[in-house]
Structure formats: C-alpha cells, structure tokens
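Student: Give the three-dimensional model of this entry:
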Amino acid sequence: MTNFEYAVFISYRNSRFKENGLLSYFARQLNEALERIIDAYLYEDIGRDNNNFMVFLDEKIIQGGDWIVREVSEGLCKSVCWVLVFTRNYLGGSLFCASELKGMIELQNHRKRQMNNA
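Tutor: Just a heads-up that it's a prediction; the model follows:
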C-alpha cells in the first residue's frame, strides 16, 4: 500500500502570473485552511507526531530545479485525497491539469482494485 505523505493534493489551473493570480491566491488560502483543519483534528486521530502529513500545493512544495512532472506525480500518489478547483479554464490549454485529473481517476481506480483484492 502507498505510504501517504500528504492529506490533500490541491489541483488548480495556475495563472500565468502566480503571485497576483486569483486562482493562486485562492489555492494558497485553501491550503492554509486545510492545514489548520488537519493540524486541529487529524494529527490526533491518525496518531502522527510529526508535521509531514500536510497539503500538497505545487508552489509551496516544488522548488526551483525540481522536475515538475515527477514531483506532481509523486504528490498525487502520496496524497490521501485530492481537491480539484475546477474552473472553466481548468482543462483548456493546460496539459498539466488534464494530466493531474487523469492521474487522479487512474489512482482512484487502482486504489479501489487494491481494496477489493485485500
């Protein structure tokens, strides 16, 4: 079974101007809210004593020089669940978003098969 590192993976259409983009701002606010909830409720429930179980947000996790596709793929696989911020431009013109969505669907199907075989 997968060793999870993240409680949630946030998938959204990153704007061209990351720092000023409305969706980037929304994703950062969503990230902060989710981390507060995880910290307040889930750490105790899952019995973890470190801060490694967190939210995967690309601009927070991926560093300069990282291979983006690999980091995103690993983030998807190592996340318990995914939050998709679906906007009208989510799939339009973004191979990353389409790949993330496809990956989420494939991972969900894979996890269901694993559960059924267990």
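Student: List the contacts of the host helix or strand of residue 112.
Tutor: Using DSSP states H and E, the element containing residue 112 is helix 95-117. With contact meaning C-beta atoms under 8 Å, 6 or more residues apart in numbering, helix 95-117 is reached by 1, 11-14, 68-69, 72-73, 76-77, 82, 84, 90-91. C-beta coordinates here come from the backbone N, C-alpha and C atoms, glycine included.
Student: From the residues you listed, list the buried ones, please.
Tutor: Neighbour-count burial (16 or more other C-beta atoms under 10 Å) applied to the contacts of helix 95-117 gives 11-14, 72, 76-77, 82, 90.
Student: Next one: residue 67 from residue 79, what distance?
Tutor: Residue 67 sits 18 Å away from residue 79 when distances are taken as C-beta to C-beta, to the nearest Å.
Student: Need the CA coordinates for stretch 71-81. CSV is fine.
Tutor: The C-alpha coordinates for stretch 71-81 follow below in CSV (Å, rounded to 0.1, in the frame of the first residue of the first chain):
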residue,chain,number,x,y,z
GLU,A,71,7.1,16.0,-8.3
VAL,A,72,3.4,16.3,-9.2
SER,A,73,3.1,12.6,-9.9
GLU,A,74,4.7,11.7,-6.6
GLY,A,75,2.5,14.2,-4.9
LEU,A,76,-0.7,12.7,-6.4
CYS,A,77,0.3,9.2,-5.4
LYS,A,78,1.3,10.1,-1.9
SER,A,79,-1.9,12.1,-1.1
VAL,A,80,-4.8,10.6,0.7
CYS,A,81,-7.3,12.7,-1.3
